[in-house]
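> how would this look folded up:
(3 chains)
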Amino acid sequence: MKRLAKWRLFSLFAMMALVLSACTGEPYLSTLKPAGEVAQTQFDLMVLSTAIMVGVIAVVVVIFFIVVFKFRRKDDRIPKQVEGSHKLEIIWTVIPILLLLILAVPTVSATFKLADVSEMEKKNEEGKTDALVVNVRANLYWWEFEYPNQEIITGQELVVPTDEKVYFNLIASDVKHSFWIPAVGGKLDTNTDNVNKFWLKFDGEKAAEADNYFYGKCAELCGPSHALMDFKVNAVPRDQFDQWVTAMQDVKEPQQAETDLAQAGQEVFNNSCIGCHAVTPANTAPEAARLAPNLTNFGDRDRIAGILDHTEEDLKNWLRDPETYKPGNKMTGTYGELTEEQLDALSEYLMGLKVLE
Amino acid sequence: MSTLAQKKGFGAVLWDYLTTVDHKKIAILYLIAGGFFFLLGGLEAMFIRIQLAVPNNDFVSAGLYNEILTMHGTTMIFLAAMPLIFAFMNAVMPLQIGARDVAFPFLNSLGFWLFFFGGVFLNLSWFLGGAPDAGWTSYASLSLASEGHGIDFYALGLQISGAGTLIGGINFLVTIINMRAPGMTYMRMPMFTWATFVTSALILFAFPALTVGLFLLVFDRMFGSNFFDASMGGNTIIWEHFFWIFGHPEVYILVLPAFGIFSEIFSIFSRKRLFGYSSMVFATVLIGFLGFMVWAHHMFTTGMGPIANAIFAVATMAIAVPTGIKIFNWLFTMWGGSITFTTPMLWAVAFIPSFVAGGVTGVMLASAAQDYQYHDSYFVVAHFHYVIVGGVVFALFAGAHLYWPKMFGTMLNELLGKITFVLFFIGFHLTFFIQHFLGLWGMPRRIFTFLPGQGLETANMVSTVGAFFMAAAVIIMLINIVITSVKNEKVGNDPWGDGRTLEWAIPSPPPFYNFKQLPLVRGLDAYWLEKMEGKKGMSPAEPLGDIHMPNNSFIPFVISFGLFVAAFGAMYRADHSWGIPVLIVGLLITLGSMFIRSVKDDHGFHIHKEDLEDNNDKGVKA
Amino acid sequence: MAAEQKMTYETWPASPEKQTLEAKNKFLGFWFFLGGETVLFASLFATYLALKDKVPNSDMALAKDLFEIPLAFIMTMLLLTSSLTSVYAMYQMKNFNFKKMQLWLGITVLLGLGFLGLEIYEFNHYVHEFHHSFTSSAFGSAFYTLVGFHGAHVAFGLLWITTLMIRNSKRGLSLYNAPKFYVASLYWHFIDVVWVFIFTVVYLMGMVG
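Got it, this is the predicted structure:
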């Protein structure tokens, strides 16, 4: 028994040491590689609370092992029946209270700090905010990002400037989802009933380490493809962001395809897809009519449907049978069977939808 | 009057159990039904871990996975953990307070059958078009959008079994207040009885919130109301509040009895009275009270605003204090004791570090600002499995080994018991420890698969391997039960030798009237006190006399069955013309049998003094 | 004291509802049950307050358009009076006056029926005059659920008391059935208290706006 207990302790520590030293996760995904003020605040709290808790565990473990080894039954004697000890009981009531206070103060202050969205209320003469605001609308397995000040809409891939606060309005159009970019900051739910607001800050250096792409996740069970409701965050310096905005705004009419193949693809698109997918970024249609991701800059994106590699082959696979890749999605069965020629043309067209050179 | 101990045919035994109002037999029913659902929930857990062993796995499909994860959670909480706890409460608590039965034997039976039919109804969904798939929390927008009848099975099944639980709670409360033996003051009650008492109070005040929530859900899904439909003025957040106003106390409903079982074990196998008994009682009551003040910490990311989040964060942290008091009291119960490592004690000892680990992550989760990162990630999955498995399931294993001789008159094999423990302990930490990190690395909970290249592969594989250890442990436990039952070596009153409370002063299993004469309780650990004075048993508090016992009844079964039928009618009302008639027939069965119960006098029966004198064992004729 | 024993005015104890262990258990258990019921109604009140006047479009009736004092007041008086008559019934029970107890219980049931009748009229009125129904809006769902749950409790209470009256009509009072009457009257008081809250929260506060 003794050996077993020792072994247990040893293996536990060995595992902890291994895990702690080797892995803090991927820079584009892990909360342990904070890439922004919000995640940093939360990470600092994690470190503080972990330190306190490891202290508590250490005390418990020490007493635990003394007890387990020292007081094993050796003879048939009846030990003294102790009622209790007021002194000890006061100690282990007061010390935890103090420890909790040490944690409670920064917790409360951080909670208020992370919820401060007063900048969103300050409107300038044009009725717009000076701060960058993004309206996030979560839908069954895809995300819409609307920039109300810039009057552009995109989907699946959020583009943000680094090193400044970005404010978010969050809502869901069908069932509840939750908006989470682990490396950049904690999540906030997208409810069906009301708009939730918060802010995030994307750190420029950390973004560079992550190749300017962070992973975003849906964190609230929303149906079969909840696991696949990923999005990407393209965090770029401010000037690059401004270029992107201008390029998007310049798309007033659907871009005309250039090659013959792409033109054929555009025809297919106009027949089968345009009912749900817009290819202009202006937000003229009402929300309820925006049934699928905006594809204006589809060619620039990093992933197809948030999960597949950005290649023509994957795009064709997706178009052939979206159900295989995202079970329960709303696209399956809405556009009929496409022939291989149509698929070639369509993917050529879609891949050409770029706003950046 | 069928409680005769002579050999009976299978039919007679079955009929006896269908109609029994004896708390010890109802305990066995709870143990069997709860054990069955525990295996079912465990199987579902294995499917979950197999699916998540490797990225992009297709062991189960996305939709089926959601059904499995929903049923795993729902089954484990409502149909496994709670009934198994009820099994021990029923088996032990009346004995601990020196009572001949519970306050309402009839309602005790009704509570069991309601739970049983509710659980069967819920699980029939697998064969009737698909199980519920919106998670055990069944958040309103998703549960309204869910197609088919899965969610209807969930709502109606839980409604029926929840009613049973509520009845059980009231029954235990009244039993403890009114039925204690002479001298058994509140501050002499064993810790497990105290835990039962506080738990029952929690059930009484928490379950009605779930009842209302489920009613609203049923109305919205089946009868066209608009509680949760935002476009009609409804609000889905109402569901979240009701669910957690119930759901958080539910955590304590599960874990307080676990604390109670461990308190008994530490004391018995250290040969020492519980250290700081009165502060333990105080901590239990305080946990129960605070348990109602903190529900919204499950909703920090719902968008309640910083004020509500901060208040609930601090309130939640406060619960750590009484829980810490308990941990230290247990440690100091062992301190200076004479500890023997039997199987129950191994579970109890292992519980301390496991539960402390779950407790400290609980404090981290309580801290609202950091919870935004943990919420709905695998960190939370790890946390609540540390608390529920490391706390509740450990206690159920420990309790099973501890009370098996009292319930069945024979001991489980100690060697196999220890093997079960070692395998389960390793498997448990292997499975769940790494999940903290999965969450921190960015893995959301309730995902049916994960994509390669996100750094999640190894850890998920480790977690799956751990699950197989736990499965192996459970299988060995089952083998142990079979071997033990076949051997059936009878044991005496106090098989562990160090029993302290009243249940160890009477035969194993006790006669159906428990105590021939009610015992006189002279202090905490009543039986231990007598033993220390060199006495063999308790001194009686009354002269030998007639004992009044309740009659068996088939009516609880019929009442519950009626609701089971009615639930089908309500559910298929919109699809089939037979829905309404079936609904009405079901309700008529229920109301009719309630009517019969209320107009038919039932005075019970008496065991006569002479019969008690003639027979010194349980073969007393009624 | 055995429950089945035949009693006379002289042997009838002061608290006949609490003489046997079964009766004490029933008494205490029922109080706990009412505690649970309180949480149930509190939840329904919370739902109602959260969804009050939440309607999908602005031309639908709100609380201030629907409720009228006279009707709600009459209903309140009926139920309050019925609570009083059930107190008289219990008074007679304690005095071992079975016939008078039955009489007062009968009056209680009639008043309860009157209340229920008015409630049905009221619901019907809202549905037909205002198109305010269970399915028309979240407000409607919450209103009918709260008030309807109370109404269902009233109906169940009426069935219960009537059953007790008929079952025991020929055999008079005993220590076995006294707690049954007593508990039924407790239930009836509880229903009355809930209605006082409904009258305040739904009707009075509804008319204020």
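
> partner residues bridging the residue in the stretch 401-550 of chain B that chain C sits nearest to?
Per C-beta to the nearest C-beta, the residue of the stretch 401-550 of chain B with the smallest distance to chain C is residue B:548, at 8.4 Å. Where you see a C-beta, it was placed from the backbone N, CA and C, and this is true even at glycine. Beta bridges link residue B:548 to residue B:606, judged by DSSP bridges.

> Thought residue C:20 was touching it, still the case?
No. In this structure, residue B:548 is not within contact of residue C:20 by C-beta atoms under 8 Å, at 9.4 Å.

> can you pull the contacts of residue 44?
Picked chain A for this. Contacts for residue A:44 (C-beta atoms under 8 Å, 6 or more residues apart in numbering or on different chains) come out as residue A:106.

> Can you look at chain C instead?
Contacts of residue C:44 (C-beta under 8 Å, 6+ apart): B:212, C:145-146, C:149.

> Next, the contact list for the spatially most central residue of chain B, please.
Nearest to the mean C-alpha position of chain B, by C-alpha atoms, centre = their mean, lies residue B:82 at 1.7 Å. Listed by C-beta under 8 Å, 6+ apart, the contact partners of residue B:82 are B:34, B:115, B:165, B:253-254.

> cutoff 7 Å now
Applying C-beta atoms under 7 Å, 6 or more residues apart in numbering or on different chains, we find residue B:82 in contact with B:165, B:254.

> And the pLDDT at residue 22?
I'll assume chain A. Looking at residue A:22, its pLDDT stands at 56.

> not what I meant, chain C
89.

> Check residue A:334 too.
90.

> Residue C:141 now?
The predicted local confidence for residue C:141 is 96.

> Same check on the one 3 residues further on?
Note on residue C:144: pLDDT of 96.

> circling back: TSV for the contacts of residue C:44, including distance to residue A:186?
Formatted as TSV, these follow (distance: C-beta to C-beta, whole Å):
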residue	distance to residue A:186
B:212	31
C:145	36
C:146	37
C:149	39
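
> and those, which of them are in helices?
Using DSSP state H, the subset of the contacts of residue C:44 located in helices is B:212, C:145-146, C:149.

> Any part of the biggest helix by length in chain B near chain C?
Counting by DSSP H, the longest helix found in chain B is helix B:237-270. Yes. Counting by C-beta under 7 Å from any C-beta of the partner chain, chain C has neighbours in helix B:237-270: B:238, B:242.

> what element comes up after that helix heading to the C-terminus?
Later in the chain than helix B:237-270, the nearest helix or strand by DSSP states H and E is helix B:277-290.

> CA atoms only for that following helix, dumped as PDB, please.
Presented in PDB, the C-alpha positions along helix B:277-290 are these (Å, rounded to 0.1, in the frame of the first residue of the first chain):
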ATOM      1  CA  TYR B 277     -18.600  17.300  14.400                       C
ATOM      2  CA  SER B 278     -20.500  20.500  15.200                       C
ATOM      3  CA  SER B 279     -18.500  22.500  12.600                       C
ATOM      4  CA  MET B 280     -19.100  19.700  10.100                       C
ATOM      5  CA  VAL B 281     -22.800  20.000  10.700                       C
ATOM      6  CA  PHE B 282     -22.500  23.800  10.400                       C
ATOM      7  CA  ALA B 283     -20.500  23.500   7.200                       C
ATOM      8  CA  THR B 284     -23.100  21.200   5.700                       C
ATOM      9  CA  VAL B 285     -25.900  23.500   6.400                       C
ATOM     10  CA  LEU B 286     -23.900  26.500   5.200                       C
ATOM     11  CA  ILE B 287     -23.000  24.800   1.900                       C
ATOM     12  CA  GLY B 288     -26.700  23.900   1.400                       C
ATOM     13  CA  PHE B 289     -27.700  27.500   2.100                       C
ATOM     14  CA  LEU B 290     -25.000  29.100  -0.100                       C
END
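
> Name the residues of the helix or strand just after it that come out as buried.
Next helix or strand after helix B:277-290 toward the C-terminus (DSSP H and E): helix B:306-318. Under the neighbour-count criterion of 16 or more other C-beta atoms under 10 Å in any protein chain shown, helix B:306-318 has B:306, B:308-318 buried.

> just curious, which of the residues you listed is nearest to residue C:168?
Ranked by distance to residue C:168 (C-beta to C-beta), the buried residues of helix B:306-318 are led by residue B:315 at 50.5 Å.

> Quick check: the two most widely separated of the ones in helices among the contacts of residue C:44?
Spatial extent of the ones in helices among the contacts of residue C:44 (C-beta to C-beta) is set by the pair B:212 and C:146 at 10.1 Å.

> Quick check: mean pLDDT of the helix ranked longest in chain A?
Ordering each helix of chain A by length in residues (DSSP H) puts helix A:37-70 first. The average pLDDT within helix A:37-70 is 94.

> do stretch B:556-567 as well
96.

> quick one: buried residues of that stretch?
Result for stretch B:556-567 [16+ other C-beta under 10 Å]: buried residues B:556-567.

> again with stretch C:146-161
C:146-147, C:149-151, C:153-154, C:157-158, C:160-161.

> isn't residue B:192 right up against residue B:261?
Yes. Between residue B:192 and residue B:261 a contact is recorded at 6.0 Å, counting by C-beta atoms under 7 Å.

> Have a look at these two and say which one is more surrounded.
Remark: of residue B:192 and residue B:261, residue B:261 carries more neighbours, 31 against 27, as counted by other C-beta atoms under 10 Å in any protein chain shown.

> how much space between that one and residue A:308?
Residue B:261 sits 51 Å away from residue A:308, going by C-beta to C-beta, to the nearest Å.

> before we move on, the earlier item: what's the longest helix of chain B packed up against?
Counting contacts by 3 or more C-beta pairs under 7 Å, 6 or more residues apart in numbering or on different chains; DSSP states H and E, helix B:237-270 packs against helix B:82-96, helix B:191-222, helix B:277-290, helix B:320-334, helix B:343-366, helix B:394-408, helix C:21-51.

> Deepest in the core, which of the ones you listed is it.
helix B:82-96 (a mean of 28; mean count of other C-beta atoms under 10 Å in any protein chain shown).

> immediately after that one, which helix or strand?
Next element after helix B:82-96 (DSSP H and E): helix B:105-124.

> pull the CA atoms of that next one into CSV?
Extracted in CSV, the C-alpha atoms of helix B:105-124 (Å, rounded to 0.1, in the frame of the first residue of the first chain):
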residue,chain,number,x,y,z
PRO,B,105,-43.6,4.2,3.3
PHE,B,106,-46.2,4.5,0.6
LEU,B,107,-44.7,7.7,-0.8
ASN,B,108,-41.3,6.1,-0.6
SER,B,109,-42.4,3.4,-3.0
LEU,B,110,-44.2,6.0,-5.1
GLY,B,111,-41.0,8.0,-5.4
PHE,B,112,-39.1,5.1,-6.6
TRP,B,113,-41.6,4.0,-9.2
LEU,B,114,-41.9,7.6,-10.5
PHE,B,115,-38.1,7.8,-10.9
PHE,B,116,-38.1,4.4,-12.5
PHE,B,117,-40.8,5.1,-15.1
GLY,B,118,-39.4,8.5,-15.8
GLY,B,119,-36.0,7.0,-16.5
VAL,B,120,-37.4,4.2,-18.7
PHE,B,121,-39.5,6.8,-20.6
LEU,B,122,-36.4,8.9,-21.2
ASN,B,123,-34.3,5.9,-22.4
LEU,B,124,-37.1,4.6,-24.7
